[in-house]
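[1] Got a predicted model here, sequence first, then my questions.
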Amino acid sequence: DAGVIQSPRHEVTEMGQEVTLRCKPISGHDYLFWYRQTMMRGLELLIYFNNNVPIDDSGMPEDRFSAKMPNASFSTLKIQPSEPRDSAVYFCASSLGDRDNSPLHFGNGTRLTVT
Amino acid sequence: GQSLEQPSEVTAVEGAIVQINCTYQTSGFYGLSWYQQHDGGAPTFLSYNALDGLEETGRFSSFLSRSDSYGYLLLQELQMKDSASYFCAVKWYSSASKIIFGSGTRLSIRP
């Protein structure tokens, strides 16, 4: 089991550029979550999918953010245009089923710096 | 409201016992989970309490009391490698499968 795989690990970009973060969940997991972590706001849930379908995107900060899950093994989080306040660590996590005790399995995260 | 409160920092001595609390105002959730995150790493699942009471997993134990609106993570025989941030998390009844995390507690261990 390779775990949740995220790429890139680090991304440095200039304000106004488009950023695409990628995630491969654990095979067989049917839930996928995108979180953002900053010192000020902690771990914030941005959006989650069930069986590739977006269920709740109420945490997406604004229209500059979008997420897709074209198939069970791949998801993207896109920021266009990026702004310095988007600088954070973005985590993807997956889980199996919707049981109360289904733990989240996190990827190693993408550290995004927008200058 | 639907938020989880934790102390921001806790310091303890190697070999000692430390308790990290998690308090909330609304108890409409399925269960309380705990995650550990080392600096630069990803959160990893530690434990889950569906019911009130104590759950033990090795040196770590977790407790939940819905009537008292709090839970805690207990770490025994502290080791330097336990220095990390610890987060409580819940899935609120009103939020389907959304898993919301507390503010996190940074645990520093002194020799």
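    Right, received. Where do you want to start? Remember, it's a predicted structure, so these values are computed and weren't measured experimentally.

[2] and the residue nearest to the spatial centre of chain A, what element?
    The residue at the geometric middle of chain A, judged as the C-alpha nearest the mean C-alpha position with Cα atoms, centre = their mean, is A:Trp34 (3.0 Å). A:Trp34 belongs to strand A:31-38 when elements are defined using DSSP states H and E.

[3] for the helix or strand following that strand, packing partners?
    Of the helices and strands lying after strand A:31-38 in sequence (DSSP H and E), the nearest is strand A:42-50. Contacts defined by 3 or more Cβ pairs under 8 Å, 6 or more residues apart in numbering or on different chains; DSSP states H and E place strand A:42-50 against strand A:31-38, strand A:53-56, strand A:65-71, strand A:74-79, strand B:99-101. C-beta here means a position set from N, CA and C on the backbone, and glycine is covered the same way.

[4] Mind putting the ones you listed into a markdown table with distance to A:Ser87 and mean pLDDT?
    Conversion of those to a markdown table gives the following (distance: least, Cβ to Cβ, whole Å; pLDDT from 0 to 100):
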| stretch | distance to A:Ser87 | mean pLDDT |
| --- | --- | --- |
| strand A:31-38 | 8 | 96 |
| strand A:53-56 | 24 | 94 |
| strand A:65-71 | 14 | 97 |
| strand A:74-79 | 11 | 98 |
| strand B:99-101 | 20 | 89 |
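
[5] Once you drop chain neighbours, what's closest to the residue nearest to the centre of chain A?
    The spatial neighbour of A:Trp34 that comes closest, neighbours along the chain excluded (Cβ to Cβ, 6 or more residues apart in numbering or on different chains), is A:Leu46 at 4.5 Å.

[6] Could you measure from the one you found over to chain B?
    Taking Cβ to the nearest Cβ, to the nearest Å as the measure, A:Leu46 and chain B are separated by 11 Å.

[7] ok, that residue - contacts?
    A:Leu46 makes contacts with A:Trp34, A:Tyr35, A:Arg36, A:Asp57, A:Gly59, A:Met60, A:Pro61, A:Phe65, A:Ala67, A:Leu77, as judged by Cβ atoms under 8 Å, 6 or more residues apart in numbering or on different chains.
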